[in-house]
Structure formats: C-alpha cells, structure tokens
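**Q** Just a sequence and a predicted model for now, questions to come.
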Amino acid sequence: MPNIVEILYSASLRVLEKLTVLSISYVCGTPLALHRGSVRAQVSRGDQKMNRRIHVRALWLVCLSLAASAAHAVVIDFNTQLGASPVNVATYSEDGFIFTSSVSASNALTFWGTSNSGWTGSPALFSNYTFETAKLAATDGLAFTLDSIDVSELFPNQGASALNVVLRGLHADGTTTTTTLAMDGVFGMQTFVLGNAMSNVVSISWQTLTAVAQFDNLVLQRVSVPEPSSLALLGLGMAGLALVRSRRRVR
C-alpha cells in the first residue's frame with residue numbers, strides 16, 4: 001500500500017505533467033495536442049524510472065523556457081496609411097512602437113499617396129522638414145532590435161543625392177551605436193539587413209539633411225517580460241523539481 005509520500009509524489013507528477021504540456025504549448029506557441037501526445041507516448045513506453053527522467057527533463061524545459069525572455073517579431077508596414085493622397089501626421093504608432101519628430105508640426109511625418117511620383121508600391125514614412133530628426137521607440141520604453149528595414153529615395157529623380165542614411169541607436173545605459181545604410185542611387189526600396197548593428201536599443205533616430213529617404217517594412221524584435229502567470233508556472237516547475245529530488249533522496 002503506497003504511503004503518503006508516494007501518493008503526493010504521484011499526484012504532483014500528474015499535475016505537473018499537465019502544467020508542463022500547457023506551459024510548453026504556451027511558450028512555444030504550438031498546439032497543445034502535439035505536446036500532450038508526445039509526453040504521454042514517451043511515458044507509456046518507459047518504466048517507472050524512465051518516467052521520472054522524462055518528467056524531470058520536461059520540468060527543466062518548462063523552467064528554462066519560462067525563465068528566458070520570449071522574443072517576437074513585429075513588422076511595421078504603415079498599411080493603415082494607404083490612400084491616393086499624402087497623409088501628414090505629427091506622430092505615428094503601430095504594433096507597440098511610436099515614431100516622433102523633433103519638429104512640432106501636424107505634418108512633421110508624411111506618407112506618400114498612390115498618386116504621388118514618390119510612391120514605391122506601399123505606404124512609406126519620411127520626415128517633412130530639413131534638419132528634422134525622427135525617432136522610433138517602443139511605447140513602453142523597453143529595449144528592442146531592428147533586424148531589417150526597407151529604404152528608398154524620396155523622388156524618382158533624386159538619384160545619387162541620397163547615398164547614405166545614418167541610423168543612431170540609443171542604449172539603455174546611454175551609449176550609442178550608429179550604422180550607415182548606403183543607398184544605390186536607384187529609385188525604389190532597398191532592404192538592409194542590420195544583424196546586430198541596431199540590437200538592444202531603446203530608440204533609433206535619423207536626421208533629414210539634404211538627402212531625404214522614405215522607410216518601410218521595419219522588422220523589429222521585442223523582448224517580453226514574463227507575465228505573473230508565467231512566473232507562477234515557473235515557481236510550480238521549480239517546486240516539482242525540488243519534490244522529485246527530495247523523493248530520490250528519501251529512497
């Protein structure tokens with residue numbers, strides 16, 4: 001007849017198995033049924049010792065997954081500004097990010113319309129004033145990474161006057177990073193993959209001088225802070241690991 005420790009151990013493993021399946025599915029974004037079937041299939045084929053190893057490994061996976069921050073990509077494409085005529089704004093927000101300007105004006109930032117000669121095939125953002133500094137930041141002030149960006153000259157006849165666009169990234173510790181996007185002088189969007197050039201920054205800015213460029217399709221990575229529910233699951237996972245180890249020592 002099993003003693004109270006054995007009963008608690010078995011019950012806790014059943015609960016933690018369900019939490020494991022739920023947690024992995026939640027963290028990885030994969031359908032729950034796949035994880036449930038996989039875990040149960042492995043458990044049913046093994047002996048009692050193997051079962052415990054599987055549980056321990058699953059619990060470690062949950063703990064490590066929840067302890068690590070989850071990054072997710074955001075693509076800012078400005079498609080809400082699609083229209084035949086230009087759209088002027090003082091600021092612009094999309095998917096948790098905001099574009100602001102050093103110029104306080106209702107037309108500080110502009111999107112070409114489909115009827116304009118500078119239209120490249122989709123809405124793109126540009127600064128409307130000379131010596132204007134535009135800035136991109138997350139609305140919550142947290143750090144992010146700019147993975148890639150599409151850039152084009154503002155006008156078809158602009159040519160080589162827009163050879164370089166300089167991005168300036170500001171980090172949380174006050175240090176800055178700059179990277180130069182070398183344009184090819186041919187009108188139309190170029191895609192620049194930045195790698196780590198603009199990683200872990202709290203803002204990115206660029207200044208309009210004599211060369212004006214328009215920007216589109218910014219691919220950004222956000223780092224999420226674990227929610228209280230995730231932290232609770234992490235605590236349960238760690239408690240389960242402690243229980244398993246304690247049970248092994250008792251034996």
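**A** On my side now, so go ahead.
**Q** so how many other residues sit close to Ala124?
**A** Around Ala124 there are 24 other residues, counting by other CB atoms under 10 Å. Where C-beta positions appear, they are placed from N, C-alpha and C, glycine not excepted.
**Q** In contact with it, which residues?
**A** Shown in contact with Ala124 (CB atoms under 8 Å, 6 or more residues apart in numbering): 78, 111-112, 150, 152, 189, 214-216.
**Q** Can you pull out the low-pLDDT segments for the protein?
**A** Low-confidence regions of the chain, defined here as pLDDT under 70, cover residues 1-71, 159-163, 210-211, 223-251.
**Q** Which strand runs longest in it?
**A** Looking across the chain with DSSP state E, the single longest strand is strand 213-224.
**Q** Show me which positions of it end up buried.
**A** Judged by neighbour count (16 or more other CB atoms under 10 Å), strand 213-224 contains these buried residues: 213-220, 222.
**Q** With distance to Gly174 as extra columns, can I get those residues in a markdown table?
**A** As requested, the buried residues of strand 213-224 are arranged in a markdown table below (distance: CB to CB, whole Å):
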| residue | distance to Gly174 |
| --- | --- |
| Ala213 | 27 |
| Gln214 | 30 |
| Phe215 | 25 |
| Asp216 | 30 |
| Asn217 | 29 |
| Leu218 | 24 |
| Val219 | 26 |
| Leu220 | 21 |
| Arg222 | 21 |
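**Q** quick one: which of these is nearest to Pro156?
**A** Taking CB to CB as the measure, Gln214 is the one of the buried residues of strand 213-224 closest to Pro156, at 12.0 Å.
**Q** can you pull the contacts of the closest one?
**A** Shown here is Gln214, whose contacts under the criterion CB under 8 Å, 6+ apart are 112, 118, 120, 124-126, 151-154.
**Q** Quick check: bridge partners of Ile98?
**A** Taking DSSP bridges, one finds Ser93, Ala137 as the beta-bridge partners of Ile98.
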